[in-house]
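Visitor: For reference, the sequence and a predicted model appear below.
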Amino acid sequence: MILDLLRHGETEQGGLRGSLDDALTDKGWAQMRQAVAEAGPWEVLVSSPLQRCARFAEELGERLNLPVQREAALQELHFGDWEGRSAAQIMEDQADALGRFWADPYAFTPPNGEPVEAFAERVLAAVERLSHQHAGKRVLLVTHGGVMRLLLARARGLPRAQLLQVEVGHAALMRLVPGDDGQWVEGR
């Protein structure tokens, strides 16, 4: 399976969105349409069920005459009490906690949030299921920055503490292919 990863575009709200179900802005729609304009072709479309991913995936599926497979396990990390807040807002009353999370997200979980270890397990299990279900096919996964950071960090062989150093902009489109050892690597 060739796995193309597409992050959603700009959303109506800022800050850590996590499991919040925000809509795309007009700019976000344009970013995503531009990202796929000269990409593909894909045989399978998979999307997070959150509307900032799923609505674009549905539009693309209609255009390409492909159904969209929604995968709840490929939603963004749940940031708990931090959802909907910007880093600046969190710094006002939880600077130490935010610093610990940025330094090593596996070692510190936001208050009432999802541990990154659990997030990683659900995302990797979902990608493994997809790779078996769609073996030999070219798949587009419309998802979130955290999901892409996780998969790219692993493909690059980065230490776990460097997860949040992986840059993934709005509407970023990146490819993963299976390496000789069965692990995902960045492809072209």
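Guide: Yep, it's here. Residues are numbered from 1 along each chain as shown.
Visitor: contacting residues around the nearest residue to R160 once chain neighbours are set aside?
Guide: Take R160 and drop its neighbours on the chain: the residue closest to it by C-beta to C-beta, 6 or more residues apart in numbering is Y106, 4.7 Å away. The way it works is simple: take the backbone N, C-alpha and C, and place the C-beta from them, glycine included. Y106 sits next to P115, V116, E117, A120, R160, A161, L163 when contact means C-beta atoms under 8 Å, 6 or more residues apart in numbering.
Visitor: Apply 6 Å and report the result again.
Guide: Contacts for Y106 (C-beta atoms under 6 Å, 6 or more residues apart in numbering) come out as V116, E117, R160.
Visitor: Type out the PyMOL command that picks the buried ones from those residues.
Guide: To isolate the buried ones among those in PyMOL, judged by 16 or more other C-beta atoms under 10 Å, type:
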select buried, resi 116
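Visitor: For the residue nearest to the spatial centre of the chain, which non-adjacent residue is spatially closest?
Guide: When C-alpha atoms, centre = their mean is applied to the chain, the residue found nearest the centroid is H144 (2.6 Å). Nearest non-adjacent residue to H144, counting by C-beta to C-beta, 6+ apart: E76, 3.8 Å away.
Visitor: burial measure for that neighbour, as a count.
Guide: 24 (other C-beta atoms under 10 Å).
Visitor: Shouldn't it be within a strand?
Guide: No: E76 sits outside any strand when classified using DSSP: H, G, I helix; E, B strand; the rest coil, being coil.
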